[in-house]
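Visitor: quick one: sequence plus predicted model below, questions after.
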Amino acid sequence: MSKKSKAPSEDDFGGFRAGFSVLVGRPNAGKSTLTNALVGKKVAITSAKPQTTRHTIRGIVHRDDAQLILVDTPGLHRPRTLLGKRLNDLVADTLAEVDAIGFCLPANEKIGPGDKFIAAQLAAVGGKPVIAIVTKADLVDKQALTEQLLAVDALGREVLGEDGWRDIVPVSANDGFQVDTVADVLISHMPPSPPLYPDGELTDEPEAVMVAELIREAALEGVRDELPHSLAVVVEEIVPREDRPEDNPLLDVRVNLYVERPSQKAIIIGKGGSRLREVGTNARKGIEALLGTRIYLDLHVKVAKDWQRDPKQLVKLGF
Ligand SMILES: Nc1nc2c(ncn2[C@@H]2O[C@H](COP(=O)(O)OP(=O)(O)OP(=O)(O)O)[C@@H](O)[C@H]2O)c(=O)[nH]1
């Protein structure tokens, strides 16, 4: 029997899977709409340290048995502005951290040079499961959908060889057709893992990113040397307080700050909570200006117990 350490098995986390996936495809292929359909209204946001965070999180699919984190891969957004090897490096680099790639091709448009270009890039990366997702299925009839599925399959065999894409799934984000199947298929390619992000009521993207960033800045103010990379800020919830007059609303903003060690928690909180209050006051001003509403800011500092044991996951989180 080999004593070598083995990859985590299915049973290690009670069957739970978690990992990262990216939806790629040419402009207008339906990536954003599908992301929203997969994630629903609530989107989890983490502001992590920029120098390791190559991905913007678009949303997180939370399930009892899995967590699917959908990220953006900047390299694929503007492939045409980059050339040759540099492009390949960038794409390889940015895709290296995801566990599966969803390649979106619209059902109602012939496969074109843009699709082939991306397909070739994905083939060049190699090794990652690529799932072809035929989007906007509601726009075509059965016959046309079948023909498109065959054409997409042929493209997969052309660029990847005999086996082609790992899966091909037709979907309509508009009417919900097969959205769960897309999630199932992507999740089936996620590794056994504990959840990578906290669960909970989560919020819409752009505002929450900025809110998290303002809090992160305030929390690091003056202690950057002691807490260089060890702080992740997760906006759990932004909800309007009930029973407020319409002309004087109040938003409850609940935020978790994750550190790696109890000593860092103590730094953030400060003596008798004094520093955390200051962080809250400073961040609140910026957030109120951003949201244009008074807020109640509820900050909790936590030690990220589960994450810190696994260096790979810490990297993914931006620690
Ligand atoms: N009928 C129909 N329209 C869709 C569907 N998904 C997306 N669309 C439409 O297709 C257009 C492009 O969708 P997006 O989700 O913005 O596409 P994208 O790939 O994110 O586009 P970029 O941001 O340009 O890369 C929008 O007008 C959507 O409303 C779908 O399932 N059915």
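Guide: That came through, no problem. Numbers count the residues shown, from 1 in each chain.
Visitor: okay, Gln264: pLDDT?
Guide: At Gln264, the model reports a pLDDT of 89.
Visitor: that one contacts Leu227, doesn't it?
Guide: Yes. Gln264 lies in contact with Leu227 (C-beta atoms under 8 Å); the separation is 5.6 Å. Quick note: C-beta positions are derived from backbone N, CA and C, even for glycine.
Visitor: which non-adjacent residue is nearest Lys59?
Guide: Actually, residue 59 is Gly rather than Lys. Val39 (3.3 Å; C-beta to C-beta, 6 or more residues apart in numbering).
Visitor: touching, that neighbour and Ile69? I think so.
Guide: No. If you go by C-beta under 8 Å, Val39 and Ile69 don't touch, sitting 9.9 Å apart.
Visitor: okay, and the common contacts of those two?
Guide: 60-61 (C-beta atoms under 8 Å, 6 or more residues apart in numbering).
Visitor: the more surrounded of those two?
Guide: Ile69 (26 against 21; other C-beta atoms under 10 Å).
Visitor: contacts only, for that one.
Guide: Ile69 touches 18-21, 57, 60-61, 196-197, counting by C-beta under 8 Å, 6+ apart.
Visitor: spell out which parts of the stretch 101-250 of the chain neighbour the ligand.
Guide: 135-136, 138-139, 172-174 (C-beta under 6 Å from any ligand atom).
Visitor: could you measure from Val22 over to Phe103?
Guide: 10 Å (C-beta to C-beta, to the nearest Å).
Visitor: which residue, other than its chain neighbours, is closest to Glu221?
Guide: Nearest to Glu221 is Asn282, by C-beta to C-beta, 6+ apart, at 7.0 Å.
Visitor: centre of the chain to stretch 183-202, how far?
Guide: A distance of 10 Å separates the centroid of the chain from that of stretch 183-202, by C-alpha atoms, centre = their mean, to the nearest Å.
Visitor: buried ones in it?
Guide: Neighbour-count burial for stretch 183-202, with 16 or more other C-beta atoms under 10 Å as criterion, is recorded at 183, 185-187, 189-198, 202.
Visitor: and the two most separated of these?
Guide: Using C-beta to C-beta, the pair of the buried residues of stretch 183-202 lying farthest apart is Val185 and Pro198, separated by 25.1 Å.
Visitor: which secondary structure element of the chain has the lowest mean pLDDT?
Guide: Using mean pLDDT, DSSP states H and E, the weakest-scoring helix or strand in the chain turns out to be strand 45-47, at a mean of 40.
Visitor: the closest residue to Val179 other than its chain neighbours: helix or strand, and which one exactly?
Guide: Nearest residue to Val179 in three dimensions, chain neighbours excluded: Ala37, at 4.8 Å (C-beta to C-beta, 6+ apart). Taking DSSP states H and E as the definition, Ala37 sits inside helix 31-39.
Visitor: helices or strands up against that helix?
Guide: Applying 3 or more C-beta pairs under 8 Å, 6 or more residues apart in numbering; DSSP states H and E, one finds that helix 31-39 contacts strand 17-24, strand 57-62, strand 66-71, strand 100-106, strand 130-135, helix 179-188.
Visitor: again, only using 10 Å
Guide: On a contact count with 3 or more C-beta pairs under 10 Å, 6 or more residues apart in numbering; DSSP states H and E, helix 31-39 meets strand 17-24, strand 57-62, strand 66-71, strand 100-106, strand 130-135, helix 179-188, helix 205-220.
Visitor: lowest mean pLDDT across those, which one is that?
Guide: Across the helices and strands packed on helix 31-39, strand 57-62 gives the lowest mean pLDDT, at a mean of 76.
Visitor: quick one: common contacting residues for Val22 and Phe103?
Guide: Lys31 (C-beta atoms under 10 Å, 6 or more residues apart in numbering).
Visitor: before we move on, the earlier item: what helix or strand is the residue nearest to Glu221 on?
Guide: Here Asn282 is assigned to helix 274-291, by DSSP H and E.
Visitor: list the buried residues of that helix.
Guide: 275-276, 279-280, 282-284, 286-287, 291.
Visitor: kindly reformat those as JSON lines containing pLDDT and distance to the ligand.
Guide: What follows is those, written out as JSON lines (pLDDT from 0 to 100; distance: C-beta to the nearest ligand atom, whole Å):
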{"residue": "Arg275", "pLDDT": "94", "distance to the ligand": "41"}
{"residue": "Leu276", "pLDDT": "96", "distance to the ligand": "39"}
{"residue": "Val279", "pLDDT": "95", "distance to the ligand": "35"}
{"residue": "Gly280", "pLDDT": "96", "distance to the ligand": "36"}
{"residue": "Asn282", "pLDDT": "92", "distance to the ligand": "35"}
{"residue": "Ala283", "pLDDT": "92", "distance to the ligand": "31"}
{"residue": "Arg284", "pLDDT": "92", "distance to the ligand": "33"}
{"residue": "Gly286", "pLDDT": "84", "distance to the ligand": "29"}
{"residue": "Ile287", "pLDDT": "85", "distance to the ligand": "27"}
{"residue": "Leu291", "pLDDT": "77", "distance to the ligand": "25"}
